[in-house]
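[1] predicted structure and sequence below. I'll ask about it afterward.
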Amino acid sequence: MKAIFSILLTLTSYALGTTILLANPTAQDTIIIRLGSGEEVMIISEGGNEVELLQQFDMNAILRDLEHTEDTASDGKVYIEIQDQTGEKYDFEEDERSLSLEEKLERLEDRMRRIGRSSSSDAMTSSSNSNSNSSSDRSRRRRSGTSTTMMFDFGLNNYLNNGNFPDDTDELYAVKPLVAWNIALGITNTTHLAGPLYLEWGGNVNWYNFKFQNDRTRMIKTDDGVDFVEDLDVVDPRKSKFVVPYLNAQFVPMFQFGRARRDGWFPLDRDEDSGFRIGMGGYAGYRIGSRHKNVFVEDNDRERVKNRVNYFVNNWRYGVRFQLGFRSFDFYANYDLNELFVEGKGPELNAFSFGIMF
């Protein structure tokens with residue numbers, strides 16, 4: 001039986017990748033085996049997962065195999081077969097059975113080292129990077145195909161008249177620059193094309209909110225076009241704005257140096273480890289409404305007047321879109337290449353917007 005224990009301890013040492021010592025009380029992870037003779041053997045752990053690896057094998061089955069082969073082998077050689085708890089056997093190949101015990105142990109050592117490295121890598125990954133693993137898996141899926149997420153743009157909008165802001169000439173349709181909100185809500189798909197090149201494409205609903213600087217500004221539609229006039233009859237004007245919603249489709253090629261920007265359906269669920277990204281593309285939209293809203297106070301009552309009129313606004317819009325991002329921050333800018341109003345029916349205005357993406 002001493003030969004059996006010697007072989008068992010040798011196998012255990014090779015399988016676990018540890019050092020067998022008789023004394024090392026300072027080791028942090030130590031397994032002590034007490035034999036019936038009163039002797040003690042210490043197995044000093046180096047990788048930290050040797051106990052888990054040891055549990056994968058049925059030591060009693062190993063002992064029985066060793067004892068059985070030692071007693072019944074007709075050629076006087078020891079044949080070793082190791083079986084784990086699932087029933088899978090780690091046996092020697094047919095051409096290896098004629099090897100000596102020392103040669104068999106050397107080959108068994110090499111096989112068990114490979115098993116130990118694989119188990120150690122899996123244990124370390126699952127214990128310390130479980131969240132990172134799931135994120136990496138999602139990132140690999142995003143790189144290999146198309147991912148879908150919600151998109152939300154929030155920023156400011158304005159327009160230019162022949163390259164100049166209307167407030168430079170004190171026009172009645174000049175916009176308050178800090179309170180003219182631009183909002184878009186929709187779906188964005190990210191498709192990996194090649195290397196760092198991606199395509200972001202999707203659809204959204206976008207609202208232009210042009211809040212006029214002059215709260216007395218009124219819009220009047222005539223046969224010749226739209227006129228902007230100042231209402232001097234209102235005693236206490238509070239607000240005057242023009243709202244135009246569009247249904248848009250956009251396509252933006254992006255260079256992304258890092259993992260994909262967003263993950264999941266929640267707009268704020270983004271990858272904090274994402275790198276730098278930049279891209280430029282285009283969009284096209286169809287107008288789904290328009291209205292002019294006036295708010296004023298009369299006889300201590302707050303009055304609201306809404307006129308849902310076309311005002312000769314172009315039914316179509318198209319333009320260029322720029323996106324820039326780093327980690328959890330994303331910036332966008334849109335510029336309409338066509339004019340807001342039908343040619344000859346209103347001022348020559350090209351709308352634009354910019355802000356942040358969620």
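    Done, it's in.
[2] helix or strand right after the helix or strand residue 157 falls within?
    Using DSSP states H and E, residue 157 falls within strand 146-160. As assigned by DSSP H and E, the chain's next helix or strand after strand 146-160 is strand 181-194.
[3] whichever helix or strand comes after that next one relative to strand 146-160, how many degrees between them?
    Where DSSP H and E defines the elements, the next helix or strand beyond strand 181-194 is strand 197-211. Orientation of strand 197-211 against strand 146-160 (axes from the mean of the first three to the mean of the last three C-alpha atoms, to 10 degrees) gives an angle of 40 degrees.
[4] now do the buried residues in strand 197-211.
    Buried positions in strand 197-211, judged by neighbour count with 16 or more other C-beta atoms under 10 Å: 198-202, 204, 206-211. From N, CA and C alone the C-beta is placed, and that goes for glycine too.
[5] and what of stretch 149-169?
    149-151, 153, 155-159, 161, 166-167.
[6] and if you look at stretch 345-358?
    Buried residues in stretch 345-358, counting neighbours by 16+ other C-beta under 10 Å, are found at 345-347, 349-355, 357-358.
[7] ok, now which ones touch residue 331?
    By C-beta atoms under 8 Å, 6 or more residues apart in numbering, the contact list for residue 331 reads 323-325, 354-357.
[8] any idea what it is bridged to?
    When bridges are called by DSSP bridges, residue 331 pairs up with residue 324, residue 356.
[9] cool, the one 4 residues further on as well?
    According to DSSP bridges, the residues that bridge with residue 335 are residue 320, residue 352.
[10] that one: neighbour count?
    If you count neighbours by other C-beta atoms under 10 Å, residue 335 ends up with 16.
[11] that one contacts residue 354, doesn't it?
    No. If you go by C-beta atoms under 8 Å, residue 335 and residue 354 don't touch, sitting 9.0 Å apart.
[12] which residues does the residue nearest to residue 169 when sequence neighbours are not counted form a beta bridge with?
    Residue nearest to residue 169 in three dimensions, not counting chain neighbours: residue 161, with 7.9 Å by C-beta to C-beta, 6 or more residues apart in numbering. Beta bridges link residue 161 to residue 164 when assigned by DSSP bridges.
[13] contacts only, for residue 161.
    Residue 161 touches 169, 171, 347-349, counting by C-beta under 8 Å, 6+ apart.
[14] so what pLDDT did it get?
    You'll see residue 161 listed with a pLDDT of 95.
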